[in-house]
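# A structural model of the following input is requested.
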Amino acid sequence: MGDIYLSGSFDWVGRVDGNAKEQLRWHQVVKKIDLDKTERFDKKGFCIIGFKSDAGVKRNKGRAGARFAPDTIRKYLSSMPWYFNDINLYDAGDVICEDNLESAQSILGEKVNTIFDMGLFPIILGGGHEVAFGSIMGFYKHFNKMPSIVNFDAHFDMRSYENGASSGTSFRQIADICKENSEAFKYLCIGIQKSSNTQELFDCARSYSAKWIDMEMIRFNEKAALSKLDTFLNDSEDIHLTICMDAFAQSIAHGVSAPQPFGMNVGEFLTFFYYVLKSSKVRSFDIAEISPPLDLNDETSLLGANIIFRLADKTAGNLS
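Predicted coordinates for the structure are as follows:
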């Protein structure tokens, strides 16, 4: 079986309190769509698509399991309340990586482009952080330009890809595409851990003019960290927001490939997350590296679902 796109495979079910608009939950409003049968929607909306892949994590010598995350995230979204009565919610199914990561990323990019063509806001559920490359290339294909990238992550993910792409190469790949096309590479990583990146990776980030806010600044100099974020946002037009769940502390995000004992707590994350969303410049979103087999009581999947709920809550008013 090769890499494929499969629509409509998840069964959205959950609590039902009634059918009045003030009683609705996500599973009661979601509509399954097939991106191979394209159409334009008159109504604003979010479109969820999964990227079921462990290939990049395995190539990066990480712990596998992220391919199961799209469905566990959907499970916890299902019973969340739906407040957005003038907005539609769609589930476009999944891109499934079986054999070739590069092929699966290309398929994902095509599907994200189609979601944009439909006038919808893409919410992409990884999978390993190789999901970001496909997500961003979908943006690039649609708008013919690279977005600014805000990445919540303990790692730069700017490793060499001489021997192939992985979960740790996406942003170096994007940087090189920008360079080839004489386009600015605008990348800010929030949550960088010195203990998780070699000197070579810091040097690589500098050589590409990447920006970052490390955990020491977040924790001990929040004012300076927010000022740095503000400068980046002011210099950006359209943003792709990507979250690697290993940005969080291991105590609240057990189920990741590379746990971080000194990662972000929820309050720290929300301060910066809401600041990004307040810019009204976020056009697409992906979440990566939740690994249900490594999780404790699905706590990391639940955290991921709650992040997506808050994303929808803060961006619904900006959809056009």
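
# could you pull out the strands for the protein?
Along the chain, counting by DSSP state E, strands occupy 4-6, 30-32, 45-52, 88-96, 121-126, 148-152, 187-192, 211-214, 239-244, 282-288.

# could those be laid out in a markdown table, adding mean pLDDT, distance to residue 258 and mean neighbour count?
Placement of C-beta: from N, CA and C, glycine included. A markdown table is the format used below for those (pLDDT from 0 to 100; distance: least, Cβ to Cβ, whole Å; neighbours: other Cβ atoms under 10 Å):
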| stretch | mean pLDDT | distance to residue 258 | mean neighbour count |
| --- | --- | --- | --- |
| strand 4-6 | 93 | 28 | 16 |
| strand 30-32 | 95 | 32 | 15 |
| strand 45-52 | 97 | 19 | 26 |
| strand 88-96 | 96 | 23 | 24 |
| strand 121-126 | 98 | 14 | 28 |
| strand 148-152 | 98 | 14 | 26 |
| strand 187-192 | 98 | 12 | 26 |
| strand 211-214 | 98 | 16 | 19 |
| strand 239-244 | 98 | 9 | 26 |
| strand 282-288 | 98 | 12 | 25 |
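
# quick one: buried residues of stretch 73-86?
73-80, 82, 84 (16 or more other Cβ atoms under 10 Å).

# what's the average pLDDT for it?
The average pLDDT within stretch 73-86 is 96.

# And for that stretch, what's in contact with it?
Stretch 73-86 is contacted from outside by 10, 12-15, 21, 24-29, 43-44, 48, 50, 89, 91, 125, 287, 290, 298, 301-302, 304-306, 308-309, 312-313, 316, using Cβ atoms under 8 Å, 6 or more residues apart in numbering.

# ok so, going back, I'd like the strands of the chain as JSON lines, with distance to residue 66 appended.
Listed next are the strands of the chain as JSON lines, based on distance: least, Cβ to Cβ, whole Å:
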{"stretch": "strand 4-6", "distance to residue 66": "17"}
{"stretch": "strand 30-32", "distance to residue 66": "23"}
{"stretch": "strand 45-52", "distance to residue 66": "8"}
{"stretch": "strand 88-96", "distance to residue 66": "13"}
{"stretch": "strand 121-126", "distance to residue 66": "6"}
{"stretch": "strand 148-152", "distance to residue 66": "16"}
{"stretch": "strand 187-192", "distance to residue 66": "18"}
{"stretch": "strand 211-214", "distance to residue 66": "23"}
{"stretch": "strand 239-244", "distance to residue 66": "10"}
{"stretch": "strand 282-288", "distance to residue 66": "7"}
